[in-house]
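Asks: build the 3D model from these lines:
(2 chains)
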2 protein chains.
Amino acid sequence: MKFNQTISSIFVIAFLLLPAFQAMAQTDSDEHYNMTSILPEGNEVSGGNFTGTVWVNMIILPEDNLNTNGGKVKFEPKARSNWHSHPGGQILIVTEGTGYHQIEGKPMQIIREGDVIKVPEDAKHWHGASHEHSMTHTAIGPNLDKGGAEWSEPVSDEEYNSIN
Amino acid sequence: MKFNQTISSIFVIAFLLLPAFQAMAQTDSDEHYNMTSILPEGNEVSGGNFTGTVWVNMIILPEDNLNTNGGKVKFEPKARSNWHSHPGGQILIVTEGTGYHQIEGKPMQIIREGDVIKVPEDAKHWHGASHEHSMTHTAIGPNLDKGGAEWSEPVSDEEYNSIN
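Replies: Residues are numbered from 1 along each chain as shown, chains lettered A, B, ... in the order given. Below is the predicted model of the structure:
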């Protein structure tokens, strides 16, 4: 359990720091002050808190002083996050593909391009791609002063396949 | 000045309440709990705090208990917001077209699809479409506990045309 938590921490730190250099590189000129881009696919962050292949491009970092983080996350087919919760809640805006979202104790939702999911504070949930299609969403994490994501166990194949 | 503030208040209230019925209608079934859609164009909110034709689809409302609001805003060519500021800051994700953004005292920025603008707390700014093209962005307003947008004077034609 301790080992898993260490691995999780490394991935959370990688999440936050690697794209910072990209963001810094884009704030050099007057025209691009305070600007990042949501277009790049970002960095592969497979493993750790995820099953399957996942790409993350962090567009809003704690350094932006908005008490909020944000990223574009692309899940390849069958990829998904571990179960986790956000002390400050989360907003997911699906921008491409088809995926699944589930809050513990509730039925799995099929989520599609255009869907906006409002995840309550501390709600244990997971999100990812569908069996056949990739899914990309913009994930917004407000109220960071309440703490970052709290990660839990992987979504088992049995849980993931229960949509069928 | 008082009259302008009253008009502004009416538009802010219209902003927040009209799309709430749409959101409520989408949370009836199990599959759609906590879900709205960013696809609809929303309601026309021209006048008041805006110059020109502007459409707003509120995707995150104060009732979502995330201390955050959010909406898709489409500005037709030449349309723009008044000068205003956000006590909790703002995040703009440009999803279509070409527009302008300016923080008071800084040069106007040309903003294009994919650009993510991080607007600091209390920074007086405006945003809108370019002369020739419409511009659509997702506007996220975190830290609502610090207060809603504080509206000011329209962006004059002289200011708007200064990009040329």
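
Asks: for the closest residue to A:Ser46 other than its chain neighbours, the count of nearby residues, please.
Replies: In space, and not counting its chain neighbours, A:Ser46 is closest to A:Thr53: 5.0 Å by CB to CB, 6 or more residues apart in numbering or on different chains. In this view, the C-beta of every residue, glycine as well, is placed from N, C-alpha and C. By other CB atoms under 10 Å in any protein chain shown, 17 other residues sit near A:Thr53.

Asks: from A:Val45, how far off is A:Thr53?
Replies: 9 Å (CB to CB, to the nearest Å).

Asks: ok, now A:Thr136?
Replies: Distance from A:Thr136 to A:Val45, by CB to CB: 14 Å.

Asks: same question for A:Pro120.
Replies: Counting by CB to CB, the gap from A:Pro120 to A:Val45 is 25 Å.

Asks: so the lengthiest strand in chain A, near chain B or not?
Replies: Counting residues, the longest strand found in chain A (DSSP state E) is strand A:90-103. Yes: Strand A:90-103 is in contact with chain B by CB under 8 Å from any CB of the partner chain, via A:Ile91, A:Ile93, A:Ile103.

Asks: burial count for A:Glu63?
Replies: The burial count for A:Glu63: 12, using other CB under 10 Å.

Asks: so it sits in a helix?
Replies: Yes: checked against DSSP: H, G, I helix; E, B strand; the rest coil, A:Glu63 lies within a helix.

Asks: doesn't A:Gly148 belong to a helix?
Replies: No: assignment of A:Gly148 by three-state DSSP gives coil, placing it outside any helix.

Asks: that one: how many residues sit nearby?
Replies: For A:Gly148, the neighbour count with other CB under 10 Å is 16.

Asks: just for chain A, where's the confidence low?
Replies: For chain A, the stretches flagged by pLDDT under 70 are A:1-30, A:164.

Asks: separation between the closest residue to A:Asp115 other than its chain neighbours and B:His32?
Replies: The shortest distance from A:Asp115 to any non-neighbouring residue, by CB to CB, 6+ apart, is to A:Val94 (4.6 Å). Distance, A:Val94 to B:His32, by CB to CB: 13 Å.

Asks: who's more crowded, the two?
Replies: The neighbour comparison of A:Val94 against B:His32 (other CB under 10 Å) goes to A:Val94, with 23 against 16.

Asks: isn't that one right up against A:His137?
Replies: Yes: between A:Val94 and A:His137 there is a contact at 4.8 Å, judged by CB atoms under 8 Å.

Asks: overlap in contacts, these two.
Replies: Shared contacts of A:Val94 and A:His137 (CB atoms under 8 Å, 6 or more residues apart in numbering or on different chains): A:Ile111.

Asks: how about A:Val92, what does it touch?
Replies: Careful, residue A:92 is Leu; it's not Val. Contacts here follow CB under 8 Å, 6+ apart; on that basis A:Leu92 touches A:His101, A:Ile111, A:Asp115, A:Val116, A:Ile117, A:Val119, A:His127, A:His137, A:Thr138, A:Ala139, A:Ile140.

Asks: okay, and which of those residues map to strands?
Replies: A:His101, A:Ile111, A:Asp115, A:Val116, A:Ile117, A:Val119, A:His127, A:His137, A:Thr138, A:Ala139, A:Ile140.

Asks: residues in contact with A:Glu31?
Replies: Per CB under 8 Å, 6+ apart, neighbours of A:Glu31: B:Pro107, B:Gln109, B:Ile110.

Asks: what subset of those is buried?
Replies: B:Gln109 (16 or more other CB atoms under 10 Å in any protein chain shown).

Asks: can you list the contacts of A:Glu31 in CSV and add distance to B:Asn49?
Replies: Below are those laid out as CSV (distance: CB to CB, whole Å):
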residue, distance to B:Asn49
B:Pro107, 23
B:Gln109, 20
B:Ile110, 22
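
Asks: each with direction, which strands does the longest strand of chain A pair with?
Replies: Using DSSP bridges, strand A:90-103 pairs in its sheet with strand A:109-112 (antiparallel), strand A:115-119 (antiparallel), strand A:125-129 (antiparallel), strand A:135-141 (antiparallel).

Asks: and the helices in chain A?
Replies: Assigned by DSSP state H, the helices in chain A fall at A:2-25, A:157-161.

Asks: A:His127 and A:Val116, how far apart?
Replies: The gap separating A:His127 from A:Val116 is 13 Å, by CB to CB.

Asks: er, A:His133 actually
Replies: For A:His133 relative to A:Val116 (CB to CB), the value is 19 Å.
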